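Colleague: Provide a 3D model corresponding to the input given below.
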Amino acid sequence: RVWSTSEHNHIRTLSGHTSWVDALAVRPDGMVFSGSQDKTIRVWSGTDGALLNTLHGHSTSYFTSLVIAPGGALLSGGGGVDGMRVWHHLQGWKSQTIECGRTNVRALAVGIGGRVYSSADEDVPF
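Modeller: Okay, here's the model as predicted:
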């Protein structure tokens, strides 16, 4: 669901996933990304809620974390043992996989101008 922060009310519901949504990210321009247990990431218009794209990449795991790099051109999704996948919005959503460890990816972060990613998984406790 999309909510107004100024009016504190429900604006619209984004429908299309076939299972639970576990991860969300929003670009500064309002574009919404939703990661689901259906192993897809859906890309939604921030203006009218239209479905713009469906991204695939994980074969055995679903997406539990999404992060957008500064500038909004890179989207990263992680979850399970499939590692992290990075999509480049300006290159037709071309993607690459980054191996993160032997266990489930639980969280992702991006920093230092979008050039460094961090992942939290079950390999090493803090």
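Colleague: roughly how far is stretch 49-66 from the heart of the chain?
Modeller: 7 Å (CA atoms, centre = their mean, to the nearest Å).
Colleague: in that stretch, what's buried?
Modeller: 55, 57-58, 61-66 (16 or more other CB atoms under 10 Å). C-betas here are computed from N, CA, C, even on glycine.
Colleague: in this structure, what secondary structure element scores lowest on mean pLDDT?
Modeller: Across the helices and strands of the chain, mean confidence by mean pLDDT, DSSP states H and E is lowest for strand 116-121: a mean of 67.
Colleague: Tell me who's in contact with the most centrally placed residue in the chain.
Modeller: Nearest to the geometric centre of the chain sits residue 66, at 3.0 Å (CA atoms, centre = their mean). When contacts are counted by CB atoms under 8 Å, 6 or more residues apart in numbering, residue 66 touches 23-25, 33-35, 41, 75-77, 108.
Colleague: can you tell me which of these are in helices?
Modeller: Nothing among the contacts of residue 66 maps onto helices, per DSSP state H.
Colleague: Looking at these, which one is closest to residue 87?
Modeller: When these are compared for distance to residue 87 (CB to CB), residue 75 wins out at 4.8 Å.
Colleague: Quick check: next helix or strand after whichever helix or strand residue 54 is part of?
Modeller: Per DSSP states H and E: residue 54 is located in strand 51-55. Elements were assigned by DSSP H and E; along the chain past strand 51-55, the next helix or strand is strand 65-68.
Colleague: Please, where are all the strands along the protein?
Modeller: Taking DSSP state E as the test, the strands found in the chain are 2-3, 10-12, 21-26, 32-36, 41-44, 51-55, 65-68, 74-78, 84-88, 94-98, 105-111, 116-121.
Colleague: which of those sits most buried?
Modeller: Neighbour counts (mean count of other CB atoms under 10 Å) averaged over each of those peak at strand 74-78, with a mean of 25.
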